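Colleague: Got a predicted structure here, sequence first:
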Amino acid sequence: MTEHAILVLGSTGTVGRRLVARLADLGAPVRAASRRGDVRFDWSEPPTWAPALDGSDRLFVLAPDGVPVDPAFVAQAVESGVRRIVLLSSRGIEAMDDRRLLDAEAVVRGSGAEWTIVRADWFDQNFDEGFFRPAILAGELAMPLGEHRQAFVDAGDIAAVAAAALTSDGHGGRRYDVTGPRPLTFGEAAEIIGRVSGRTVRYRGSAEEYIAQQEALGEPREAAEGAVAVFAALRAAGEEGPTDDVLRVTGQPPLPFETYAAGAAAAGAWD
């Protein structure tokens, strides 16, 4: 390869595929990596790492839920010529003691490469592409968060921030907290989705209702109780308000949840 490229891990996921499209629109050379893509990459198969890294000098790191960012891979990336790393992380990880993401941030910071950490709030797309969609279709969303508010953020805005950090200077050593424009309770989010989709979507915000729903879905009670404890820690830490990081980095304001929901409904997400 004569031109250095940007390696995007998780390129078929919610953020990854939007980032690949954004980089392509910018004219940046991209290597879109996934377990089954043309550029094959699998965290559990180290022999796939070197071929994926070949010719790349910038790297977007995203690990699937439950999968740690392997320090050996990050070290190999830097040794192979990667000079800039952008990591997708999450807000609230200290409160929830998310060791997987806390450790990933530490690995990237200590890699020797220029780094940027993108901490995102809950994705809008969790409701139409992710794990909340079945609950929306069933008409009942249970989360043990009561009236706790989240600044739900559109995955396109996350991708736009990551693209800027990968293609322009001035982002090294920075952490961006990427949020939507205003915080919402899950009840408010459910009401908005119900209104634009023509569905009745009820929100159940107590721990007991969450455990009952999870058990009905086949989850062990112990796992549901463990999740309740994590969410209780998040609530106890207090609400994190919205930031202006999307606007500052991209020059564009973040997409309102109402606009996201109307677009998803028009595309048939909840038909």
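Modeller: Sure thing, it's come through.
Colleague: In this protein, which helix is the longest?
Modeller: helix 221-236 (DSSP state H).
Colleague: Buried ones in that helix, by neighbour count?
Modeller: Under the neighbour-count criterion of 16 or more other CB atoms under 10 Å, helix 221-236 has 224, 227, 228, 231, 232, 234 buried. Quick note: C-beta positions are derived from backbone N, CA and C, even for glycine.
Colleague: Which one of the residues you listed is nearest to residue 64?
Modeller: Comparing these against residue 64 with CB to CB places residue 227 closest, at 17.9 Å.
Colleague: where do the strands sit along the chain?
Modeller: Taking DSSP state E as the test, the strands found in the chain are 5-8, 30-34, 39-40, 56-61, 84-90, 114-120, 140-142, 149-150, 174-178, 184-185, 202-204.
Colleague: What is the longest helix of the chain packed up against?
Modeller: If you count contacts as 3 or more CB pairs under 8 Å, 6 or more residues apart in numbering; DSSP states H and E, helix 221-236 packs onto helix 207-216.
Colleague: ok, so of the buried residues of helix 221-236, who is nearest residue 29?
Modeller: Nearest member of the buried residues of helix 221-236 to residue 29, counting by CB to CB, is residue 234, at 39.1 Å.
Colleague: Would you map the helices across the stretch 51-200 of the chain?
Modeller: Using DSSP state H, counting those that start in this stretch, the helices of the stretch 51-200 of the chain run over 71-80, 99-109, 133-138, 155-167, 186-197.
Colleague: highest average neighbour count across the ones you listed?
Modeller: Ranked by mean neighbour count, the helices of the stretch 51-200 of the chain are led by helix 155-167 with a mean of 24 (mean count of other CB atoms under 10 Å).
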